[in-house]
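Asks: Sequence and computational prediction follow.
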Amino acid sequence: MPRRYVIVGNGPAGVSSAEVIRSIDSSAEIVIVGEEKTGFYSRPGLAYLLTGTIPESHLFSRPDSEYRRLRLQRVTARVTHLQPREHRVWLEDRSFLEYDRLLLAVGARALRPNVPGIDLEGVVTLDTLDDARRILRLARRAKSAVVVGGGITALELAEGLSSQGVETHYLLRKDRYWGNVLDPQESKLVETRLEEEGIRLHRRTDLAGVIGRGRRVAGVTTTDGRQLACGMLAVAIGIQPRFELARDAGLAVGRGIWTDEYFQTSHADVFAAGDAAEVFDPSTGARVLDSLWSIAIEQGRSAGANMAGRRESYARPAPFNVTRIGGLTTTLIGAVGSGREDGDLVALNRGDSDAWRQKADAFAVEAEAEVSRVRVLVGEKQLVGAVVMGDQRLSRPLQHLIREAVDIRPVRDQLLHEPQRLPAILGSFASAAHAA
């Protein structure tokens, strides 16, 4: 009998795992269960949809024909509970699917602060395409909006609403933006760009409550006693891995669904990958969370290979992301943070990684131009992290040097003593290292 695989989650980890399973097991029966009626789409692309940079059609990279080509059965339903011993997945219509191997690629959901009025109509988060559509509908009639939170998603919401002609207020709980990842100069660069776009920043200000008129948002109150009138409140304070299915089925969980380096959970035939998975990293001996699109794809591929019978230990790469913050194309690689907690992030933010907020055992070397900035964390033998804002010519070379742990001792002294020449030194060195 062909082996039956059930994958819960139609996102990057789920689809990439299905592709790998099919490449290994040509006779397999593969079922992907997803709650959204739409097909596979780019979650990072939602930011560009909000700003009007791309049409909705550009989000879809896996048409239905791709599912048919790979012989994937797609089911639109909500999974209500699991029975690992019986190898069953139960759906909301009280039917069930049996499996030989199960992957939980269920993602994460946006957190909402516990304040009065948070359930009023007009309070929005950005989890799904339907959320983005709703935000665009509300923006057509809202004169003003308030955005709360830190990290990439909050910026996506603030810039998206502002680009739709909505007067936008952005509440920063601390004195600067994303202080546990960016350094003060990087935060200032982003803040300046936001203010140039007309977004009003409120530093050292947090949300105390939501004011309603009937069932709709009419304004917010802040912790310093002010009131701001608004027709929308957009919240991006962090995300929570969706581990409830696993927890209720008796699987081991922590902040996410616990897995080993093979993506196997505490039940031998159940695997987890993507935003929901808290994966054991053998290089550090700790479990880590990542909410990066690229890492979800890599985890899905590795999980799929292990589900199909290959024994492949996951080597966690240095986290890597390219996004736009404050209108600037920004690349973040590896450990770049200060190692301290930031109240704007009560959990991981979407597009974030545990590693970014780790304090690096390294020297920071910086180079700046008028609207560009490069910060590189230099360890004893390797580069451990980098932030590239604006001009992106160094982003690919730095990704190679950091992810491949290239020995940089031949140019380390130059970097430390001639930081103004950082782009030239690293550009030449990376070219030579790549050619070798």
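Replies: Cool, the structure landed. Residues are numbered from 1 along each chain as shown.
Asks: ok now stretch 248-263, how far from the chain's centre?
Replies: The chain centroid and the centroid of stretch 248-263 are separated by 19 Å, computed with CA atoms, centre = their mean, to the nearest Å.
Asks: Just the terminal-to-terminal distance for that stretch.
Replies: Stretch 248-263 stretches 19 Å from its first residue to its last (CA to CA, to the nearest Å).
Asks: Tell me which residues of that stretch come out buried.
Replies: If you call a residue buried by 16 or more other CB atoms under 10 Å, then stretch 248-263 has these buried ones: A249, L251, V253, G256, I257, W258, T259, D260, E261, Y262, F263. Every residue, glycine included, has its C-beta placed from N, CA and C.
Asks: Show me what that stretch is in contact with.
Replies: Applying CB atoms under 8 Å, 6 or more residues apart in numbering, the contact partners of stretch 248-263 are 81-84, 103-104, 241, 243, 246-247, 265-267, 270-273, 275-282, 287, 289, 299, 302-303, 306-307, 311-314, 347.
Asks: Mind checking which of those residues are in helices?
Replies: A246, R247, Q299, S302, A303, N306, M307 (DSSP state H).
Asks: Do you know the pLDDT at the nearest residue to A13 once chain neighbours are set aside?
Replies: Closest residue in space to A13, ignoring its immediate chain neighbours: G274 at 3.1 Å, by CB to CB, 6 or more residues apart in numbering. On pLDDT, G274 comes in at 97.
Asks: Repeat that for D342.
Replies: 55.
Asks: so where is the stretch 251-400 of the chain shaky, pLDDT-wise?
Replies: Flagging of the stretch 251-400 of the chain using pLDDT under 70 yields the residue ranges 339-347.
Asks: What segments of it are helices?
Replies: Counting by DSSP state H, counting those that start in this stretch, the stretch 251-400 of the chain has helices at residues 293-307, 395-403.
Asks: where's the last one relative to the chain centroid, distance-wise?
Replies: In this case it means helix 395-403. Helix 395-403 sits 20 Å away from the centroid of its parent chain (CA atoms, centre = their mean).
Asks: in that helix, what's buried?
Replies: Residues S395, P397, L398, Q399, L401, I402 are the ones in helix 395-403 that count as buried (16+ other CB under 10 Å).
Asks: and which of those residues is nearest to L50?
Replies: S395 (23.8 Å; CB to CB).
Asks: Isn't the closest one up against T331?
Replies: Yes - applying CB atoms under 8 Å, one finds S395 in contact with T331, separated by 4.1 Å.
Asks: what sits in contact with each of those two?
Replies: The contact sets of S395 and T331 overlap at V322, V388 (CB under 8 Å, 6+ apart).
Asks: picking that back up, from the buried residues of stretch 248-263, pick the one nearest V217.
Replies: G256 (31.3 Å).
Asks: As a check, name the ranges of all strands in the stretch 301-436 of the chain.
Replies: Ranges of strands in the stretch 301-436 of the chain, per DSSP state E, counting those that start in this stretch, are 320-325, 328-334, 363-369, 372-378, 383-389.
Asks: Run me through the strand neighbours of the first one, direction for each.
Replies: When you say that, I think you mean strand 320-325. In its sheet, strand 320-325 lies beside strand 328-334 (antiparallel), with partners assigned from DSSP bridges.
Asks: now swap in the third one and tell me
Replies: Strand pairing for strand 363-369, determined by DSSP bridges: strand 372-378 (antiparallel).
Asks: how about the partner strand: buried residues?
Replies: Buried residues in strand 372-378 (16+ other CB under 10 Å): S372, R373, V374, R375, V376, L377, V378.
Asks: what number of residues lie near D130?
Replies: Neighbour count of D130, defined by other CB atoms under 10 Å: 11.
Asks: Actually, D127.
Replies: Counted with other CB under 10 Å, residues neighbouring D127 total 17.
Asks: Who is the closest residue to it other than its chain neighbours paired with across the strands?
Replies: Ranked by CB to CB, 6+ apart and with sequence neighbours excluded, the top spatial neighbour of D127 is A110, at 5.1 Å. A110 forms beta bridges with I239, as assigned by DSSP bridges.
Asks: how about A110, what does it touch?
Replies: T125, L126, D127, T153, V235, A236, G238, I239, Q240, R350.
Asks: Which of the residues you listed ranks first by neighbour count?
Replies: Counting neighbours by other CB under 10 Å, T153 comes out on top of those with 28 neighbours.
Asks: Good, we can wrap up now.
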